[in-house]
Structure formats: structure tokens, C-alpha cells
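**Q** structure here, sequence nowhere to be found:
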């Protein structure tokens with residue numbers, strides 16, 4: 001399924017899935033909806049390669065961001081950078097309480113908790129956690145990354 005899609009078509013599919021199954025938030029949205037300075041900064045932070053097309057991004061500050069491209073998912077939490085190639089994504093999930101936290105961040109029991117997290121498993125069995133903005137962005141990214149896993 002990967003081979004039959006151009007980078008632009010793949011990114012368009014990711015954006016459609018993100019908005020169809022979720023929504024943008026304050027910090028997370030289609031990459032093209034960020035201003036040019038933030039786009040350039042995200043490309044540098046994620047160390048994108050030539051020919052890589054950005055799809056969905058989160059930008060809070062230089063230490064807390066995420067960029068999904070046609071080739072990789074890169075993010076930084078408190079300055080700790082992580083990257084997973086899209087061909088390596090095997091499974092994506094969220095714990096039940098993480099889903100509840102994402103859906104209802106306003107509840108007292110979630111107010112002082114950090115961002116809800118998605119759990120990514122690679123084909124090598126590595127487990128990585130991706131912090132997400134609650135509500136629409138969480139569910140949008142969950143479904144986009146599940147699509148990526150299904151394409152593998």
C-alpha cells in the first residue's frame with residue numbers, strides 16, 4: 001500500500017484521517033496551518049530529509065513538539081527527542097484511562113496529570129510513548145497512526 005502512493009497523496013490521506021476521526025487543537029494541526037516561521041523551525045527540529053513531506057504537527061515550544069511526515073514520526077518532550085520510521089510502526093494503542101483523560105481532560109482526576117499518551121510498538125518490539133494534546137488531536141493521531149500500522 002505504501003508503494004502505490006506518492007508522498008503528497010500519503011500526507012493528504014493522513015490529514016483526511018486526522019480531521020475525519022479527530023480534530024485540531026490549540027497546538028496540533030495540519031502542518032500547513034502553522035505560520036512559515038514555525039514550519040521552518042519544526043522541519044529543523046525534526047531533522048527532515050530532502051523529499052520528506054510534513055503532514056501533522058504539534059508545536060508548543062522548541063522542547064515540546066511533534067512532526068508526522070510521509071517517512072517518520074518525530075517528537076520531543078521536555079527536550080528529549082524521539083523518532084520512529086513509519087515503516088517500523090507495528091501497533092498503536094492507548095490505555096483506557098488515557099482515552100478517558102483525552103476525552104475529558106477537564107475532570108478533577110485528570111486536571112494535574114501530564115498530557116495523555118499514545119503507545120507505539122515497533123516491529124523490533126520497542127515501546128515508545130507519544131504525548132498528545134487531549135480531545136480531537138489525541139483521537140486524530142491515534143487513528144492516523146493506526147492507519148500507518150495497518151499499511152505495514
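**A** That came in fine, so what should we check first? Just so we're clear, the structure is a prediction, and the values are computed from it rather than from any experiment.
**Q** lowest-pLDDT helix or strand in the protein?
**A** None of the helices or strands of the chain scores lower by mean pLDDT, DSSP states H and E than helix 96-103, at a mean of 59.
**Q** which helices and strands does the next helix or strand after that helix pack with?
**A** With elements assigned by DSSP states H and E, the helix or strand that comes after helix 96-103 is strand 117-122. Using 3 or more C-beta pairs under 8 Å, 6 or more residues apart in numbering; DSSP states H and E, the elements in contact with strand 117-122 are strand 89-93, strand 127-131, helix 136-151. (Glycine included, C-beta is placed from N, CA and C.)
**Q** who does strand 117-122 pair up with?
**A** strand 89-93 (antiparallel), strand 127-131 (antiparallel) (DSSP bridges).
**Q** including mean neighbour count, could those go into CSV?
**A** Output for these, formatted as CSV (neighbours: other C-beta atoms under 10 Å):
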stretch, mean neighbour count
strand 89-93, 18
strand 127-131, 16
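**Q** would you reformat those strands as a markdown table and include distance to residue 76?
**A** Shown next, in a markdown table, are those (distance: least, C-beta to C-beta, whole Å):
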| stretch | distance to residue 76 |
| --- | --- |
| strand 89-93 | 18 |
| strand 127-131 | 10 |
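**Q** could the ones you listed go into a markdown table alongside distance to residue 145 and mean pLDDT?
**A** Output for the strands paired with strand 117-122, formatted as a markdown table (distance: least, C-beta to C-beta, whole Å; pLDDT from 0 to 100):
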| stretch | distance to residue 145 | mean pLDDT |
| --- | --- | --- |
| strand 89-93 | 4 | 95 |
| strand 127-131 | 8 | 94 |
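**Q** thinking again about what came up before, what's the closest of the helices and strands packed on strand 117-122 to residue 35?
**A** Of all the helices and strands packed on strand 117-122, helix 136-151 sits nearest to residue 35, with 18.4 Å by C-beta to C-beta.
**Q** taking strand 127-131 as reference, get the angle to the closest one.
**A** Here helix 136-151 runs at 150 degrees with respect to strand 127-131, directions being taken by axes from the mean of the first three to the mean of the last three C-alpha atoms, to 10 degrees.
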